[in-house]
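Asker: below is the structure, and that's it, no one-letter string:
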DNA sequence: CCCCTAACGTTAGACGGCTAATCATTAGCC
DNA sequence: GGCTAATGATTAGCCGTCTAACGTTAGGGG
């Protein structure tokens, strides 16, 4: 009964647990890796931009930014031209995590897909993407109808 | 780069979002559905038993139990024979949610796998299970070595 | 028989996540 | 050009989750 649900939940949990364990070695919390990676890609993004990129709400980014600022990983800089905007910039300490972080995430990916052929990996990615697409379509549908 | 990670994260998020939306109609929060389902299966389980069954820590269940008690969904009953144990029992209000809950979860499962053949569904479940197995093996390995 | 340890539940506090409400600044319209 | 609407960030408060510390009850060993 609802085997699919259980499988999905278990996968989420185990993935989360592994990621948390790896991140702890870098003194990072779950999710902060995504912020660091996004800023490494393009520094100075605003909370709103990051939220959109990471598919998360703005308040979530704001809270994380506050903690990461306290931890010395990022800095808040107000935009000169538009005083409403806040630019989040990596500090040197934050930048120093970028490469070990990328290496760790890549290692996780490899370890988790051990025993899967390339074909199976591609298949898994494809199937999950389609399910995600279904989920988003469903959310959009409900959103419109206000149901 | 780390495409697998992104796919997995996106899948988790979308699934979570859909589940949250459905649960809201029943005035339930994410995760509470699992507690209700577990108690429907076998009423009077202890926080520790539930935690093990749901692959979650005991404090998580305790907090949820407190809120669900306040919401009138479950009751705390101390075990007669062993005063250390607490038995969580569904109230009538809680029990009334069991069936609509099961129906909702089944509906989610069907909507999310729309467009997938039976073979593909089986394949997805199999692949995710194997990845989850890898993740758990990795966690166990780290746990032993204390690394 | 009493103490000591093991087994449980609970509390405390941190974190990511969300929704709703608030505040500041910019831009647009009459 | 000044009032209003839209755009951003922030705050407040809730929930699930985790780890660490605490209190209590059973049970076992000397």
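Answerer: Ah, there it is. Nothing here was measured: the structure is a model prediction, and the numbers come from that model.
Asker: residue A:96 - how many residues pack around it?
Answerer: Around residue A:96 there are 13 other residues, counting by other Cβ atoms under 10 Å in any protein chain shown. Glycine gets a C-beta too; all of them are placed from N, C-alpha and C.
Asker: phi, psi of it?
Answerer: Backbone torsions of residue A:96, given as degrees, to the nearest 10, read phi -70, psi -20.
Asker: doesn't residue A:26 make contact with residue A:100?
Answerer: Yes: using Cβ atoms under 8 Å, residue A:100 is in contact with residue A:26, at 6.1 Å.
Asker: more neighbours: which of the two?
Answerer: Neighbours per residue, other Cβ under 10 Å: of residue A:100 and residue A:26, the larger number sits with residue A:26, 15 against 12.
Asker: pLDDT score for the nearest residue to the more buried one once chain neighbours are set aside?
Answerer: Taking Cβ to Cβ, 6 or more residues apart in numbering or on different chains, and ignoring the residues beside it in sequence, residue A:26 has residue A:97 as its nearest neighbour in space, at 5.7 Å. The model reports residue A:97 with a pLDDT of 97.
Asker: let me see the mean pLDDT of whichever strand or helix holds residue A:123.
Answerer: In this structure, residue A:123 sits in helix A:118-145 according to DSSP states H and E. For helix A:118-145, mean pLDDT rounds to 91.
Asker: could you check the angle helix B:118-145 makes with it?
Answerer: 110 degrees (axes from the mean of the first three to the mean of the last three Cα atoms, to 10 degrees).
Asker: shouldn't the residue nearest to residue A:26 be in contact with residue A:74?
Answerer: No: checked against Cβ under 8 Å, the pair residue A:97 and residue A:74 is beyond contact range at 10.8 Å.
Asker: where do the domain boundaries of chain A fall?
Answerer: A:3-112, A:113-147 (automatic domain parsing).
Asker: between those domains, which one is closest to DNA strand D.
Answerer: domain A:3-112 (2.6 Å; Cβ to the nearest atom of the strand).
Asker: what distance do you get for the spatially most central residue of chain A to chain B?
Answerer: Centroid-nearest residue in chain A: residue A:34, 3.9 Å away (criterion: Cα atoms, centre = their mean). Noted for residue A:34: a distance of 8 Å to chain B, by Cβ to the nearest Cβ, to the nearest Å.
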